[in-house]
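**Student:** Pasted the sequence and its predicted model underneath.
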Amino acid sequence: MVPNGSFEDHSNCPFLQDQVTYCNFWQEANGCTADYVCTCSPSGNGVNSPFYWMGYQEAFHGSCYMGIGAYGDMEDGIDLLLTESIQTELTDSLLAFHKYRISLFVSLCNSSEFTIDNFGVLVSETRPNKPFECDTFSAYHPQLVVSYLTDTMNWVKQEAEFVAQGGEKWLTISRFDFNGPSQLAAVSTNTPVPFLNYAYYLVDSVTLIDITDLENLPDFQNVISPNNDGINDVFILPEYEFLFQENVVIYSRWGNEVAVLNSNNPFWPENTFTDQNVHSGTYFYVFSASTKEGKIIYKKGTLSVFR
């Protein structure tokens, strides 16, 4: 779902800093420019891998990665308002109630004096966009937060799971001050860049996958009173736009099958006047459906009938 998540495909090989848009499908989300680092870049220009302008690091996968300045100010106290970012549009919008896992590999650069508590990944319906600012995105809460990463030698896998609200289609990697200003922690073992207080992160191999199970669906209807008063008279087959061939089998408390619901027969009981075989008590249901990938999934529950 993340196009070019390993940053290998590019329209041009980067030859200067701030050339994120040379990486196919990726762009900046604000006025500050991150760095696209590749082995194909000429040596000595600051974006050659493994010797980039802030240190040394080989790509986790392939030959390219991104460098993102998540925090920076001048040592004389002049705030640079530095928050760099990268962003892409997903290949598909996320589906409501689906569960997703997002992951990426991160390394703190060798010359970072600081690490921060709120570097992260946001998946959102609307596109975060501050084209003329280098400010952080304080109005958004990322699904994945990388807090106080200190490893400058290795690529560290970071991942998180979340349930989508539906319609999310933008993925943004940046600093997010969702809980107030960034909290800094010094990384004293690193050799800093002169005149900069910096927290600079390297990112590679970004993925987003659907790990849906029906446990994430809303609770089904669990009470009916078939007395024809227009309120909860029938059990209605649940339908979801992201599932296919929905089917419900209803069983009595003794395990006898009493009804099968599908798209042609979506209600139980079919007639609240004439169907007197539906007695008060507890019934059980098994809901089944298939995903667009063909996976069959199930959900079980109870249904109480009051007459």
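**Tutor:** Looks like it arrived, so ask away. Numbers count the residues shown, from 1 in each chain.

**Student:** quick one: low-confidence ranges for the chain?
**Tutor:** Within the chain, the stretches falling below the threshold (pLDDT under 70) are 73-81, 188-196, 213-218, 271-276, 293.

**Student:** how far does the strand ranked longest in it sit from the chain's center?
**Tutor:** In the chain, taking DSSP state E as the definition, the longest strand is strand 196-210. With Cα atoms, centre = their mean, to the nearest Å as the basis, strand 196-210 stands 14 Å off its chain's centre.

**Student:** Quick check: buried residues in it?
**Tutor:** Neighbour-count burial for strand 196-210, counted by 16 or more other Cβ atoms under 10 Å, picks out 196-206, 208, 210. (Each C-beta comes from the backbone N, C-alpha and C, glycine too.)

**Student:** List the neighbouring strands of it plus their orientation.
**Tutor:** Using DSSP bridges, the strands paired with strand 196-210 are strand 64-74 (antiparallel), strand 99-108 (antiparallel).

**Student:** Let me know how buried residue 141 is, in neighbour terms.
**Tutor:** Residue 141: 14 surrounding residues under other Cβ atoms under 10 Å.

**Student:** and stretch 135-151, how far apart are its ends?
**Tutor:** One end of stretch 135-151 to the other measures 26 Å (Cα to Cα, to the nearest Å).

**Student:** I misspoke; the intended subject was stretch 117-136.
**Tutor:** Across stretch 117-136, first to last residue, Cα to Cα, it's 13 Å.

**Student:** on that earlier part again, same list (the strands paired with strand 196-210) but as a markdown table, adding mean neighbour count.
**Tutor:** As requested, these are exported to a markdown table (neighbours: other Cβ atoms under 10 Å):
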| stretch | mean neighbour count |
| --- | --- |
| strand 64-74 | 23 |
| strand 99-108 | 22 |
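
**Student:** And those: which comes nearest residue 226?
**Tutor:** Among these, strand 99-108 comes nearest to residue 226, with 34.3 Å by Cβ to Cβ.

**Student:** circling back: between the buried residues of strand 196-210, which is nearest residue 267?
**Tutor:** Using Cβ to Cβ, those come closest to residue 267 at residue 210, 30.6 Å.

**Student:** Now do the strands in the stretch 1-150 of the chain.
**Tutor:** With DSSP state E, counting those that start in this stretch, the ranges of strands along the stretch 1-150 of the chain come out as 35-38, 51-52, 55-56, 64-74, 86-89, 99-108, 114-116, 119-124, 144-146.

**Student:** Tell me how far residue 198 lies from residue 280.
**Tutor:** Residue 198 is 70 Å from residue 280, where distance means Cβ to Cβ, to the nearest Å.

**Student:** Residue 165 now?
**Tutor:** Residue 165 is 38 Å from residue 280, by Cβ to Cβ.

**Student:** circling back to that earlier point, mind checking the strands paired with strand 196-210 for the one nearest to residue 289?
**Tutor:** Closest to residue 289 of those, according to Cβ to Cβ: strand 99-108, at 15.3 Å.
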